[in-house]
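Student: Build me a model:
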Amino acid sequence: MHVDNLREYIRDIPNFPTEGVIFRDITPLLKDPDAFSTTVDWMADAVSSLTITAVAAVEARGFIWGGTLAYRLGVGFIPIRKPGKLPFEVVEKEFELEYGRDVLQIHKDAAGPGDSVLVVDDVLATGGTAEAAADLIRTLGAEVAGFCFLLRLGAMDGYERLSKQGKKVVYLLTV
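Tutor: Numbers count the residues shown, from 1 in each chain. The predicted structure is shown next:
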């Protein structure tokens, strides 16, 4: 399989979650064992040059890639969640989405000095979610090693926004 073949496994859903947004549904990719495992392997290979101690990912679809990558890379996993979902003391960050505002939280003890964390999510659009996740990690005193995504929305400026941080930004497919 070639990375361009992944597009066959991604469904476009117009006007979801709001009018004018095209949702990239990865469910067909997840359903196919070969496409799923190959995608995880490609993502792991893309970040293999980074020294990391953990993978952090944003719920919900980011957990799929973040959890599997953490396992594949042999490092810990850090969940970054919406408010009210984490049971321990949290730090939070409000940020802009392409269609509104949101808030993310992380446990205060999820990372700290000496940790080097890879931020993972399914889609890179404006970069706001990934940037907020990185800000949370840095607030805890850890370093952000880089960013990894399945998809990059080519019409959005997220890649440019994250690249300004001077960290590696990788993605498998542009849609």
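Student: For beta bridges, what are the partners of the residue positioned nearest the centre of the chain?
Tutor: Residue closest to the average C-alpha location in the chain (C-alpha atoms, centre = their mean): residue 121, at 1.5 Å. Beta-bridge partners recorded for residue 121 (DSSP bridges): residue 149.
Student: pretty sure it contacts residue 128?
Tutor: No. The criterion here is C-beta atoms under 8 Å, and residue 121 misses it with residue 128 at 10.9 Å. To be clear about C-beta, it is placed using only N, CA and C from the backbone, and glycine gets the same treatment.
Student: does residue 16 sit in a helix, a strand or a coil?
Tutor: Classification of residue 16 by DSSP: H, G, I helix; E, B strand; the rest coil places it in coil.
Student: From here on, call the first residue 55.
Tutor: Shifting the count to begin at 55 puts that one at residue 70.
Student: For it, which non-adjacent residue is closest in space?
Tutor: residue 77 (4.2 Å; C-beta to C-beta, 6 or more residues apart in numbering).
Student: Who are the packing partners of whichever helix or strand the one you found is part of?
Tutor: Taking DSSP states H and E as the definition, one finds residue 77 inside strand 76-79. When contacts are defined as 3 or more C-beta pairs under 8 Å, 6 or more residues apart in numbering; DSSP states H and E, strand 76-79 packs onto strand 65-68.
Student: Quick check: mean pLDDT of the strand it packs on?
Tutor: Mean pLDDT, computed over strand 65-68, is 96.
Student: Export it to CSV, keeping only CA atoms.
Tutor: Taking C-alpha atoms only, strand 65-68 is exported to CSV below (Å, rounded to 0.1, in the frame of the first residue of the first chain):
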residue,chain,number,x,y,z
ARG,A,65,-15.1,9.5,3.8
ASP,A,66,-16.1,13.2,3.3
ILE,A,67,-19.2,14.2,5.3
PRO,A,68,-20.4,17.7,4.2
